[in-house]
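**Student:** Predicted structure and sequence below. I'll ask about it afterward.
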Amino acid sequence: MGKSHREWAGETDFLNKEMLSKQLAALQGPIFYIAGPPAMVAAMRRMLTDAGVDEDDIRTKEFSGY
């Protein structure tokens with residue numbers, strides 16, 4: 001598998017409250033889906049709840065063994 005020939009024009013910064021606020025009209029309302037290693041899932045959940053996202057709007061799936 002080779003590199004894409006297309007240039008990426010999207011965000012390249014860390015995913016954080018500021019980036020979410022810039023990309024979304026509101027942090028309340030969307031359902032957020034997080035999947036990955038347990039530590040990453042926990043960190044993303046914490047970041048979202050600290051940003052004011054309701055726990056009921058977060059869905060997670062942890063994948064161990066990477």
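**Tutor:** That came in fine, so what should we check first? Values in this document were obtained by computation on a predicted structure and should not be read as measured data. Numbering: from 1, shown residues only.
**Student:** Tell me the helix or strand right after the worst-scoring helix or strand of the chain on mean pLDDT.
**Tutor:** The helix or strand of the chain with the lowest confidence, counting by mean pLDDT, DSSP states H and E, is helix 17-23 at a mean of 85. Remark: after helix 17-23, the chain's next helix or strand is strand 32-36, criterion DSSP states H and E.
**Student:** who's in contact with that next one?
**Tutor:** Contact partners of strand 32-36, identified using CB atoms under 8 Å, 6 or more residues apart in numbering, comprise 40-41, 44-45, 48, 53, 57-63. (Glycine included, C-beta is placed from N, CA and C.)
**Student:** returning to that earlier point: how far off centre is the least confident helix or strand of the chain?
**Tutor:** Put simply, helix 17-23 sits 10 Å off its chain's centre (CA atoms, centre = their mean, to the nearest Å).
**Student:** Next: stretch 14-25.
**Tutor:** 9 Å.
**Student:** If we go by neighbour counts, what in that stretch is buried?
**Tutor:** L20 (16 or more other CB atoms under 10 Å).
**Student:** what packs against the least confident helix or strand of the chain?
**Tutor:** Helices and strands touching helix 17-23, as assessed by 3 or more CB pairs under 8 Å, 6 or more residues apart in numbering; DSSP states H and E, are absent.
**Student:** and with 10 Å instead?
**Tutor:** helix 38-50 (3 or more CB pairs under 10 Å, 6 or more residues apart in numbering; DSSP states H and E).
**Student:** Beyond the helix it packs on, next helix or strand please.
**Tutor:** Immediately after helix 38-50, counting by DSSP H and E, sits strand 58-62.
**Student:** ok, that next one: who's next to it in the sheet?
**Tutor:** strand 32-36 (parallel) (DSSP bridges).
**Student:** Could you tell me the angle between the strand it pairs with and helix 38-50?
**Tutor:** Orientation check (axes from the mean of the first three to the mean of the last three CA atoms, to 10 degrees): strand 32-36 against helix 38-50 gives 160 degrees.
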